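Chemist: Here is my input, please return the structure:
(chains A and B)
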Amino acid sequence: MEDIILNRLGYPILSITIFLPLAGALLISLLRNAYAIRWTALLTTFATLVVSLPLYIHFDKTTYKMQFVESYPWIPAWNLNYTVGVDGISILFVLLSALIGMLCVLASWKAIQEKVKLFYMAILLMETAMTGVFAAMDLFLFYILWEAMLVPMFLLIGIWGGSNRVYAAIKFVLFTLAGSVLMLVGIIALYYAGGGTFDILALAKAHYPVNLQIWLFLAFFAAFAVKVPMFPLHTWLPDAHTEAPTAGSVILAGILLKMGAYGFLRFSMPMFPDAVKIFFMPMLILSLIAIVYGAFVTLMQKDIKRLIAYSSVSHMGFVTLGLFSLNQTGMEGGIFQMINHGIVTGALFTCIGVIYERTHTRIIEDYGGLARAVPIFTVFFTIFALAGSGFPGTNSFMGEFLILSGAFKTKMAMGAISIMGVILGVAYMVWLYYRIFLFDVNPKVKEHLRDMGMREALMLVPLVFLVFYLGMQPSVLISYMQASVQHLLDRFGAGGQEITAVKGIIEVLK
Amino acid sequence: MEKITSITPLLTIAVSVAATFLIILTGQKRPNLREFWSVAAGVVKFLLVASMVPAVLDGKTIEYTLFHLMPGIDIKFRADAFGILFALGASFLWIVTTFYSIGYMRPLNEHSQTRYFSCFAIALSTTMGVAFSANLFTLFLFYEGLTIITYPLVSHKELPESKVGARKYAIYLLGAAKAFLVAAIILTYNLAGTLEFTKGGLFPDAAKAAHPVLISVLFLLYLFGFAKCAVMPLHGWLPAAMVAPTPVSALLHAVAVVKTGVFSVLRVIFFVFGTDLLKNIGADNYAIFFASFTIVMASVIAISRDNLKARLAYSTISQLSYIVLGGALLTTSGMIGGIIHITNHAFAKITLFFCAGSIYVSAHKTEISQLSGIGRKMPWTMAAFAIGALGMIGVPSAGGFITKWYLLVGALERESLTVLMVLLISTMLNASYFVPIVYKAFFEKAEDDHHHHHEEIKENPMLVAPLFLCAVISVILGFYPDLIINFANLIIK
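Modeler: This next block holds a predicted model:
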């Protein structure tokens, strides 16, 4: 047990953080008044955030070890335990989940008027599942929570979504299920290969034959690549994001997309290092395709929400590019960028939700001149659009900087190609801004335009702060992950990446 | 070199941001108070910059670190001789331009003046930021900020042609910065592990030896990434940006924006690469080639332009490359010539733009062919124009002459016949597109014009005073060049 630090806080802080939203959901199930339900949900998410704060204060940044670990036997016959803990990587996502959870409740305050109870229960259940996925140290627990997210997300899209919601919801579930079934096969294989344990740390320490690693890598890849989403498995994303209600889009963009990349960090890299060394080049190429192709498709969108959705494909391409650069800078940049993308894209979806509530249109052509009509909204959107396009001084720029720095170190050409994504990133964002904010107000929406209210401004102010704070002080987050990333890289050793993907696959087929 | 830690460089940036809030709060209803904030901020800014001059001339630098982002990357400010020289000119001319703007905007009843003055104030903040950046990261931050905040100024008139012009402006500047600068900065960071400006270059010897080709490529990335310096073929945004109101063209496209571009290029030549390194890898030749080409080509195009502001725009493109050329000559005199031309060109060119604006406000003329005999109606304006034009051509007694002298000596020191020829040809071209304007204004009779009655033309003192002041200063700089040569010596020492 030298790899973990047990929770010394005297109370099970991680379990409380995970299950507090669940308790809130149960409480809501007893309430009838929509007003009471909203406030209960808000207070629950706020309490969750507050409860989790000691995690960040007492976290020991100098070590890669799992901290605040709690472990209870669950099904002893299978050697199955309820074990949760956080290291320098997952702790950031626990924080992000708490933030995004609260944002979701606030963003849907007025937008959701039907089946309010079910809606907020779904949001809170999502939060429990999300936090649990990031804190899980047991593979089986991880898998259960991973699958548990599907149901509330399906409901969110399918019930409160846009006109094409059922199609989008089913597409989302089918894609995700297909991926996770393969992961389940991988998990079972891993269970036997690793000596009959679901303990993630134990599994990560074992060394598996290269053949097995390759198969397992591919099985897990199926699940994670769908979630990220990596090209060519990204097609569910624009539909799901566009049709989902604001809160659903925020959760999708803010957290769900991060789970795939987190999966690579938690499972693929430490458990199958040899396979990663074989597959890192194809992964980088897929990332580059996602970056450039995603950006081109983004450029052509006519629907604001779809545009932001497609931009996620490109942005997540940067994330995986950073992660599979397999050096300290690139990986730190990738993880940092995940948090940034969660904040910025979450904020952009919230902004779109704000304006959609008034105009009930998402078509770019219906807008124009918003800068004149709704100046406060414009200020917020401008900041997030600049952040989204990687403007220096914002958090995304630092993330991009680190990722590109890592990519240039790995392969000069990789960096050069991804620069194209950077330019296109500015292009689609500036063009979107140009079309909906500048010049004359479009008469189609003119009469519906009202500027932002207090609630709407207040929910975005903390995010504005984070955009600039993380842009100027990235070390605040990076200092958490440094030791963990270093430990992860040690798994790859100093040896070169001499095996190519083709050779690796031939070896397996032999 | 002695370092002083002081917040003054940051204050020069903060003062006009503060002014912006006051400008917006005061608003359209009380224009006099609103413009007072601009003037007050300009004066305070200029005094703050001036207060740093004695220490800097003494060989000290004034530093302030705002944020530490990660090893080798800070938000850090440093006032050295180069930054001070640039900031002095820009902050002084902001005061002058504010007065001129009042005289320009009010008679024309321009709309959205609050937006105009507040964006102007922030543009000056970002210019100070560029001047006092201590590293590439900070410089890039303010460089990009300047692009964004000047967009509303360029598209101010909100006419269809301003949309097109402003779009071109944004695409060129943002595109070049993202395409070339981001990559260049990241690669520099990867090679050197730091972005801090260092006299003589920041690359460690090992990196210099191992990656000569990469460093040459980096240099080109910087040269074109800083598209604000308008080296061909990335010059197209500058004429397009002439759709802006004239005071914007004057301050931004003769002083703040374009000078930010050349300032950054010289900063990179002296403080990122270092003259020795550039000489060794031969990258200076590329810069000289592109700059020489731009000097001649832009002048040739200028001759063909009848629109006064368009001709001035191409003249600017040509003159900016003098500065790049001076830096790239890598000889003492050449570099001094490049550095002092930042100031010399600023005062002369702003005079010319001011004159163009004055002609537009008083006589509603924009084309050179319409200017026959206008010198009699607007004697002060056209006299100042003549002085500015002499500076551009480089006639003795004007500041521009000093520049040309140093550049010519620099070319001789480098023993480059080509550069010498380029400078001489360009002087003739300069004369051929400026002298006809002056001749037309003073010596040609006004044509019978049914639409415009020359009797009505009156010069506006609010416009003439600032433009004449600038003309006078540009002559003073010709008589007392030591004022700025002292700075230049400190920079390249």
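Chemist: List the contacts of residue B:226.
Modeler: Contacts here follow CB atoms under 8 Å, 6 or more residues apart in numbering or on different chains; on that basis residue B:226 touches B:143, B:176, B:177, B:181, B:261, B:262, B:264, B:265, B:268. To be clear about C-beta, it is placed using only N, CA and C from the backbone, and glycine gets the same treatment.
Chemist: Kindly write the PyMOL command that selects the buried subset of these.
Modeler: Buried residues among the contacts of residue B:226 (16 or more other CB atoms under 10 Å in any protein chain shown), as a PyMOL selection:
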select buried, chain B and resi 143+176+177+181+261+262+264+265+268
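Chemist: Tell me how far the nearest residue to residue A:62 once chain neighbours are set aside lies from chain B.
Modeler: Nearest non-adjacent residue to residue A:62, counting by CB to CB, 6 or more residues apart in numbering or on different chains: residue A:483, 6.2 Å away. Residue A:483 sits 16 Å away from chain B, taking CB to the nearest CB, to the nearest Å as the criterion.
Chemist: Just the buried residues of the helix or strand where residue A:483 lies, please?
Modeler: For residue A:483, the host element (DSSP states H and E) is helix A:475-490. Using 16+ other CB under 10 Å as the burial criterion, the residues of helix A:475-490 that qualify are A:475, A:477, A:478, A:480, A:481, A:482, A:483, A:484, A:485, A:487, A:488, A:489.
Chemist: Using JSON lines, lay out those residues together with pLDDT.
Modeler: Converted to JSON lines, the buried residues of helix A:475-490 look like this (pLDDT from 0 to 100):
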{"residue": "A:475", "pLDDT": "87"}
{"residue": "A:477", "pLDDT": "88"}
{"residue": "A:478", "pLDDT": "88"}
{"residue": "A:480", "pLDDT": "88"}
{"residue": "A:481", "pLDDT": "89"}
{"residue": "A:482", "pLDDT": "87"}
{"residue": "A:483", "pLDDT": "87"}
{"residue": "A:484", "pLDDT": "87"}
{"residue": "A:485", "pLDDT": "87"}
{"residue": "A:487", "pLDDT": "86"}
{"residue": "A:488", "pLDDT": "85"}
{"residue": "A:489", "pLDDT": "85"}
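Chemist: and which of these is nearest to chain B?
Modeler: Nearest to chain B out of those is residue A:475 (CB to the nearest CB; 5.8 Å).
Chemist: and the closest one, what does it touch?
Modeler: Per CB under 8 Å, 6+ apart, neighbours of residue A:475: B:68, B:69, B:70.
Chemist: what about it, distance to residue A:337?
Modeler: Shown here: residue A:475 relative to residue A:337, a distance of 15 Å by CB to CB, to the nearest Å.
Chemist: burial measure for residue A:465, as a count.
Modeler: Residue A:465 has 10 neighbouring residues, counting by other CB atoms under 10 Å in any protein chain shown.
Chemist: Apart from its chain neighbours, what residue comes closest to residue B:352?
Modeler: residue B:388 (4.3 Å).
Chemist: Just to check, the one you found is in contact with residue B:473?
Modeler: No - Residue B:388 is beyond contact range of residue B:473, at 10.9 Å (criterion: CB atoms under 8 Å).
Chemist: More neighbours: the two, which one.
Modeler: For the pair residue B:388 and residue B:473, the greater number of neighbours falls to residue B:388 (29 against 21), based on other CB under 10 Å.
Chemist: The helix or strand where the more buried one lies - contacts with which helices or strands?
Modeler: Secondary structure from DSSP H and E places residue B:388 in helix B:379-393. Counting contacts by 3 or more CB pairs under 8 Å, 6 or more residues apart in numbering or on different chains; DSSP states H and E, helix B:379-393 is packed against helix B:332-363, helix B:374-377, helix B:399-413, helix B:417-443, helix B:461-479.
Chemist: Now that helix: average pLDDT?
Modeler: The pLDDT scores in helix B:379-393 average 87.
Chemist: got it, and stretch A:186-206?
Modeler: 84.
Chemist: Now stretch A:297-307: buried residues?
Modeler: Across stretch A:297-307, burial judged by 16+ other CB under 10 Å covers A:297, A:298, A:299, A:301, A:303, A:304, A:305, A:306, A:307.
Chemist: Now flag whichever of those residues is closest to chain B.
Modeler: Taking CB to the nearest CB as the measure, chain B sits nearest to residue A:299 out of the buried residues of stretch A:297-307, at 13.3 Å.
Chemist: who's in contact with the closest one?
Modeler: Residues in contact with residue A:299 (CB under 8 Å, 6+ apart) are A:424, A:427, A:428, A:431.
Chemist: hang on, the earlier thing: chain center to the helix holding residue B:388: distance?
Modeler: 19 Å (CA atoms, centre = their mean, to the nearest Å).
Chemist: what angle separates that helix from helix B:399-413?
Modeler: 10 degrees (axes from the mean of the first three to the mean of the last three CA atoms, to 10 degrees).
Chemist: Now do helix B:379-393 against helix B:332-363, angle only.
Modeler: Helix B:379-393 and helix B:332-363 are oriented at 160 degrees to each other (the same axes, to 10 degrees).
Chemist: Just the buried residues of helix B:379-393, please?
Modeler: Within helix B:379-393, judged by 16+ other CB under 10 Å, the buried ones are B:380-393.
Chemist: remind me which residues of the chain are low pLDDT?
Modeler: By default, I'm working from chain A. Scanning chain A for pLDDT under 70 picks out the ranges A:1-2, A:493-510.
Chemist: hmm, I had chain B in mind actually
Modeler: The model of chain B has pLDDT under 70 over residues B:1, B:447-455.
Chemist: got the residues of it near chain A?
Modeler: B:67-70, B:75, B:137, B:140-141, B:144-145, B:148, B:155, B:158, B:163, B:167, B:170, B:174-175, B:178-179, B:182-183, B:185-187, B:189-190 (CB under 8 Å from any CB of the partner chain).
Chemist: Which parts of the stretch 51-200 of chain B are helices?
Modeler: For the stretch 51-200 of chain B, the helices defined by DSSP state H, counting those that start in this stretch cover B:53-57, B:81-105, B:113-131, B:136-154, B:160-176, B:182-192.
Chemist: now swap in the stretch 51-200 of chain A and tell me
Modeler: All helices of the stretch 51-200 of chain A, identified by DSSP H, counting those that start in this stretch, fall at A:90-107, A:116-135, A:139-148, A:150-160, A:165-193, A:200-205.
Chemist: in which helix or strand would I find the spatially most central residue of chain A?
Modeler: Geometric centre of chain A, nearest residue: residue A:258, 2.5 Å, by CA atoms, centre = their mean. Under the criterion of DSSP H and E, residue A:258 resides in helix A:257-263.
Chemist: who does that helix touch, helix- and strand-wise?
Modeler: helix A:90-107, helix A:116-135, helix A:210-227, helix A:304-323, helix A:328-359.
Chemist: Just the contacts of residue A:475: which are in strands?
Modeler: Cross-referencing the contacts of residue A:475 against strands under DSSP state E gives B:68, B:69, B:70.
Chemist: Now which of these would you call buried?
Modeler: Using 16+ other CB under 10 Å, the buried members of the ones in strands among the contacts of residue A:475 are B:69, B:70.
Chemist: Sort out which one of the buried residues of stretch A:297-307 lies nearest residue B:491 for me.
Modeler: residue A:299 (43.3 Å; CB to CB).
Chemist: re the thing from before, which one of the helices and strands packed on helix B:379-393 is the most hemmed in?
Modeler: Counting by mean count of other CB atoms under 10 Å in any protein chain shown, helix B:332-363 has the highest mean neighbour count of the helices and strands packed on helix B:379-393, with a mean of 27.
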